[in-house]
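**Q** sequence unavailable; structure follows:
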């Protein structure tokens with residue numbers, strides 16, 4: 001058996017280890033947006049307006065924040081995806097079904113996202129975008145895999161705000177961690 005110099009072995013092990021770390025770092029960076037359940041239908045660019053973002057969709061309320069943001073109206077159970085650098089600024093607008101508990105009005109930031117999971121109500125969900133926790137309840141947007149948007153059981157304490165799957169995909173594509181969420185009355 002030929003002798004291998006120790007430097008060659010150490011170099012080979014170091015290169016292999018660095019390649020492994022680089023691969024893991026790449027996979028971890030934005031892994032949620034590359035998972036099969038969260039893969040955008042077209043591209044990861046700004047979402048295209050949904051059918052509900054037509055001219056007849058509800059107008060963006062005044063005093064609904066500034067900058068790139070998600071706006072959620074407690075009164076009308078409507079969501080707007082707003083990018084002030086685009087024309088029109090409202091990229092999508094759609095109705096949602098609130099959980100049995102609603103968040104208080106205020107400004108929040110998306111802090112966690114999960115491609116798929118199980119909701120507090122036991123339904124399989126996708127495109128979970130969480131923005132606050134209040135009194136032990138987690139609040140966030142999601143879509144049920146079966147497409148349902150039925151109101152939750154009032155006996156359960158749920159903060160999940162449900163949309164249809166297409167709208168859930170648009171919100172997922174639009175709102176990575178750090179995106180502002182304005183909850184208005």
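**A** Good, I have the coordinates. Keep in mind the model is a prediction, meaning the values are calculated, not measured.
**Q** how about the strands of this structure, start to end?
**A** Counting by DSSP state E, the chain has strands at residues 69-73, 78-82, 90-95, 106-109, 112-118, 124-134, 137-144, 160-163, 180-184.
**Q** now tabulate these in a markdown table and tack on mean pLDDT.
**A** Below are the strands of the chain laid out as a markdown table (pLDDT from 0 to 100):
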| stretch | mean pLDDT |
| --- | --- |
| strand 69-73 | 98 |
| strand 78-82 | 98 |
| strand 90-95 | 97 |
| strand 106-109 | 98 |
| strand 112-118 | 97 |
| strand 124-134 | 98 |
| strand 137-144 | 97 |
| strand 160-163 | 97 |
| strand 180-184 | 98 |
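**Q** can you redo the ones you listed as a markdown table with distance to residue 173?
**A** Backbone N, C-alpha and C define where each C-beta goes, glycine included. Below are those laid out as a markdown table (distance: least, CB to CB, whole Å):
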| stretch | distance to residue 173 |
| --- | --- |
| strand 69-73 | 12 |
| strand 78-82 | 9 |
| strand 90-95 | 10 |
| strand 106-109 | 18 |
| strand 112-118 | 11 |
| strand 124-134 | 9 |
| strand 137-144 | 12 |
| strand 160-163 | 13 |
| strand 180-184 | 15 |
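**Q** would you turn those strands into TSV with mean neighbour count and distance to residue 58?
**A** TSV is the format used below for those (neighbours: other CB atoms under 10 Å; distance: least, CB to CB, whole Å):
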stretch	mean neighbour count	distance to residue 58
strand 69-73	22	8
strand 78-82	24	5
strand 90-95	20	6
strand 106-109	14	20
strand 112-118	15	26
strand 124-134	20	20
strand 137-144	22	17
strand 160-163	25	14
strand 180-184	21	12
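**Q** where are the low-confidence patches of this structure?
**A** 1-57 (pLDDT under 70).
**Q** residue ranges of each domain in it, please.
**A** For the chain, automatic domain parsing gives the domain ranges 6-34, 42-184.
**Q** out of the strands of the chain, which comes closest to residue 63?
**A** Closest of the strands of the chain to residue 63 is strand 180-184, at 7.2 Å (criterion: CB to CB).
**Q** between the closest one and strand 124-134, how many degrees?
**A** Interaxial angle of strand 180-184 relative to strand 124-134 (axes from the mean of the first three to the mean of the last three CA atoms, to 10 degrees): 80 degrees.
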